[in-house]
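Novice: Take this sequence and fold it.
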Amino acid sequence: AYLRALRQIVTYLQISDGNMEEGSLRCDANISLRPAGEMKFGTRTEIKNLNSFKFVERALEYEIARQLSILKRGEQVIQETLLFDSDAGVTRAMRGKEESDDYRYFPDPDLPPLTIEERRIREIRANMPKFPDELREELILQFGLSEYDARVITAERSFVRYFQAAVEVCSEAKIVCNWITSELFGALKREGIEFENSPVNRLQLGKLVELIHRGTISGKMGKAVFEEMFNSGVDPEVIIERKGLKQLTDPLEIAKIVEQAFSQNVTQRDNLLGGEEKLLGFFVGKVMKATGGTANPQVVNDVITREIKRLRGEKE
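Specialist: Modelled structure (predicted):
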């Protein structure tokens, strides 16, 4: 957790891309064991140049087990520098150190002492990008995201920028977040594409979610449009127009189709009038089928309910 948090800070502050495999960030892990309650630290070993989170975890697990085995035998751990053999899953001695003096620290004449004025420190602090934990808190308070969603979005600075730009287009932040973390992340993982190379840009995703929110298309249609966007990079409006996917939301038009469904299914209509409420879903299905799935289900439901009340002589 510490190393991941450190990498996150480094990337957020744009100090480095934090790519461990390419050498932008490496880890030297130090391990020492001592009995519970013992104040004095045990002998330390150092595992050098670990280049992935997975290797750090494996190296630590192995070295802890190795030292524990030595101590249980009543032997002494040797202070030494180690390398991790990822193929064998073991640590191997690189060089030994009897004392810390063996590091032979000495001043470098090309690196003189550097004094940074307090004023300069304040300037840097004032202009630094926000830290991940600050952004998480902001996303929770400003957009109402859950703690989990805020952590997912702030995992990478590029995720945050994408989310913020999409929310500029569609203010339904929670829905935007869901589309990013489920549909977009899922498609990228499925196709093995890096987030930075996403074929669906942040403005396009914002437009798509806004079209769903406005009722122009249904959520189901939205998923089909998203797949087309992902495969082609085309804007959602173009795909909707090209495929004739615009959702039918006009209550008057839907009422005509409901009337046809009633006239074609008189027995079911009469049973619904008689109180068999489960048949409401039957007629919603008929209307959806008649419209090729383009009718807004909620509007269809409302129109049928209103028509039933009218036929029963009930007040709305």
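Novice: list the helices and strands the helix or strand of the chain with the lowest mean pLDDT packs on?
Specialist: Ranked by mean pLDDT, DSSP states H and E, the weakest helix or strand in the chain is strand 90-96, scoring a mean of 83. The contact analysis (3 or more C-beta pairs under 8 Å, 6 or more residues apart in numbering; DSSP states H and E) places strand 90-96 against strand 45-50, helix 53-72, strand 80-85. From N, CA and C alone the C-beta is placed, and that goes for glycine too.
Novice: Out of those, the one nearest S171 is which?
Specialist: When the helices and strands packed on strand 90-96 are ranked by proximity to S171, the top entry is helix 53-72, at 35.9 Å, counting by C-beta to C-beta.
Novice: residue ranges for the helices of the stretch 151-300 of the chain, please.
Specialist: 157-169, 173-178, 185-191, 202-214, 219-232, 236-243, 251-264, 266-273, 279-290, 297-312 (DSSP state H, counting those that start in this stretch).
Novice: what comes up buried for the fourth one?
Specialist: By that I understand helix 202-214. Of the residues in helix 202-214, R202, Q204, L205, G206, K207, L208, V209, E210, L211, I212 count as buried by neighbour count, 16 or more other C-beta atoms under 10 Å.
Novice: residues touching the closest residue in space to the last one that isn't next to it in sequence, list them.
Specialist: So the one you mean is I212. Closest residue to I212 apart from its sequence neighbours, by C-beta to C-beta, 6 or more residues apart in numbering: G222 at 4.5 Å. Going by C-beta atoms under 8 Å, 6 or more residues apart in numbering, G222 touches L208, V209, L211, I212.
Novice: And L211, how far from L114?
Specialist: 55 Å (C-beta to C-beta, to the nearest Å).
Novice: now swap in I153 and tell me
Specialist: For I153, the distance to L114 - C-beta to C-beta - is 37 Å.
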